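[1] starting from these lines, generate the structure:
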Amino acid sequence: MSDPTPEEVRASIVPSSTQLNADDLISGPITVTITGVRRGTKEQPIVVEIDGHKPYLPCKSMRRVLIAQYSDDPKAWIGQRLTLYRDESVLWAGVRVGGIRISHMSGLDKPKTFLITVGRGKRTQVEIKPIAISVSDQAYIEDAKSEIARADSMEVLKTIGFVLKTSSKAVQDAVRPVYAKRQKELQDG
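    Numbering: from 1, shown residues only. Okay, here's the model as predicted:
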């Protein structure tokens, strides 16, 4: 009989639940992409579908952070990336049970501080950091910026824009200012 692998050991403690739990993050944080948002229950009104994991049901404080960063339109959340971690200090009914918090978000160019409620009349600041762009995305961004700069007509620029719509949100956010500038240059002509 062989020794279990680290993956097998981690798999042995996965809670049997239909949603992502703080216990799922005992082995460390995860970075996920939001693939959908749907209505939940009265107690957990928002269900965030994420790639490769059970759905994330954000607490009220984390929903406020999501709204503050991405708007109250759940369609704007799709494609965004989050790093979720287990926060041991989360209380429920006065008992430390642990909870899921967001540490990093896509769409940020620098750390951002949010004021969240942690109890009746008690608020605290949380700092959310930007998710770093991958090396492959960075190379793609540089190539896309070069193509945009070389676009010699609105038709060529629109074709580039059409292709970029299939890119990650991080790529789109990074090239948007360059695209807008070139678009204005071509329109002003």
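
[2] I'd say Ala68 and Leu115 touch.
    No: if you go by CB atoms under 8 Å, Ala68 and Leu115 don't touch, sitting 9.3 Å apart. C-beta coordinates here come from the backbone N, C-alpha and C atoms, glycine included.

[3] and the lengthiest helix in the chain, what's its mean pLDDT?
    In the chain, assigned by DSSP state H, the helix with the most residues is helix 169-188. Helix 169-188 carries an average pLDDT of 85.

[4] how far away from the center of its chain is it?
    Mean-position distance between helix 169-188 and its chain equals 22 Å (CA atoms, centre = their mean, to the nearest Å).

[5] what residues does it touch?
    With CB atoms under 8 Å, 6 or more residues apart in numbering as the test, helix 169-188 has contacts from 79-81, 106-107, 131, 133-134, 137, 140-141, 144-145, 148-149, 151, 153-154, 157, 160-161, 164-165.

[6] list the contacts for the residue nearest in space to the middle of the chain?
    By CA atoms, centre = their mean, the chain has its centre lying nearest to Arg81, at 2.2 Å. Under the criterion of CB under 8 Å, 6+ apart, the contact list for Arg81 reads 31-34, 104-106, 131, 168-170.

[7] show me this protein divided up by domain.
    Following automatic domain parsing, the chain resolves into domains at 6-130, 135-188.

[8] in ChimeraX, how would I select just the buried ones from the contacts of helix 169-188?
    Only the buried entries of these go into this ChimeraX selection, using 16 or more other CB atoms under 10 Å:
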select :79,80,81,106,107,131,133,140,141,144,145,148,151,157,160,161,164
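
[9] before we move on, the earlier item: got a list of what the nearest residue to the residue nearest to the centre of the chain once chain neighbours are set aside touches?
    Distances taken as CB to CB, 6 or more residues apart in numbering put Ser106 closest to Arg81, at 4.0 Å, once the chain neighbours are dropped. Residues in contact with Ser106 (CB under 8 Å, 6+ apart) are 80-82, 130-131, 169-170, 173.

[10] nearest to Val9, out of those residues: which one, please.
    For the contacts of Ser106, the residue nearest Val9 by CB to CB is Leu82; the value is 25.6 Å.
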